[in-house]
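> what shape does this take:
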Amino acid sequence: MHAFREAALSCPIPAAVELIGEKWAFLILRGALNGLKHFEEFQAGLGIARNILSDRLSKMVAGDILARAPDPSDRRKVVYSLTPKGEGLMPALLALRQWGEQWGHGVPDMVLADSRDGKPVRKMCVLSHDGRELKLNDLIWVSAENQNPLQAAAE
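Model prediction:
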């Protein structure tokens with residue numbers, strides 16, 4: 001149990017949830033992934049109050065999810081764009097959407113597709129190092145240092 005507790009204390013999930021784990025942050029992220037760039041676009045597209053949007057955008061900029069820069073075509077406006085860290089959230093957002101579709105929380109009228117051939121992307125899943133799809137009972141935690149299974153039960 002000690003090894004499990006130690007692993008839980010160093011788990012990156014709480015920090016990630018703190019940064020991006022609320023409804024409006026996910027919707028802003030979805031908007032950015034779909035090409036929204038200006039405050040007014042996010043506000044109109046999401047129907048979010050201006051003060052809440054301003055707060056969430058500021059937090060996402062501070063967390064390096066979004067970058068904020070003057071709009072080159074209109075210096076009075078600001079452009080928000082995804083950073084590499086923000087783009088890295090795309091698989092997590094897609095997995096969450098697919099989970100919602102599967103468990104009855106939304107019927108897709110649009111699906112994400114490969115721009116090359118227009119075919120829908122595959123369902124997100126956990127893959128082994130050699131490409132096999134893994135289920136929960138196929139997984140164990142191992143030490144990142146020496147790749148040995150944690151002996152939580154023995155401690």
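
> now stretch 96-116: how far from the chain's centre is it?
Using C-alpha atoms, centre = their mean, to the nearest Å, we find the averaged C-alpha position of stretch 96-116 to lie 15 Å away from the chain's own average C-alpha position.

> select the longest strand from this structure.
Ordering each strand of the chain by length in residues (DSSP state E) puts strand 74-82 first.

> please enumerate the helices of this protein.
In the chain, the segments counted as helices under DSSP state H are 2-9, 13-20, 23-33, 39-46, 50-62, 84-87, 90-102.

> lowest-pLDDT helix or strand in the protein?
Per-element confidence for the chain was summarised using mean pLDDT, DSSP states H and E. The lowest value among helices and strands belongs to helix 2-9, with a mean of 72.

> show me the one of the helices of the chain that comes nearest Val121.
The minimum distance between Val121 and those falls on helix 90-102, with 7.3 Å, by C-beta to C-beta. The C-beta positions use only the backbone N, C-alpha and C, and glycine is treated the same way.

> quick check: buried residues in the closest one?
Counting neighbours by 16 or more other C-beta atoms under 10 Å, one finds that the buried residues in helix 90-102 are 94, 97-98.

> sheet-wise, list the partners of the longest strand of the chain with their directions.
Neighbouring strands of strand 74-82 in its sheet, by DSSP bridges, are strand 66-71 (antiparallel).

> could you dump the partner strand to CSV, C-alpha only?
As requested, C-alpha coordinates have been extracted for strand 66-71 and formatted as CSV (Å, rounded to 0.1, in the frame of the first residue of the first chain):
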residue,chain,number,x,y,z
LEU,A,66,-2.7,28.8,-25.3
ALA,A,67,-0.5,31.6,-26.5
ARG,A,68,-1.8,35.2,-26.7
ALA,A,69,-0.5,37.6,-29.4
PRO,A,70,-1.6,40.7,-31.2
ASP,A,71,-3.6,40.0,-34.3
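
> picking that back up, angle of the least confident helix or strand of the chain against helix 13-20?
Angle of helix 2-9 versus helix 13-20, following axes from the mean of the first three to the mean of the last three C-alpha atoms, to 10 degrees, is 10 degrees.
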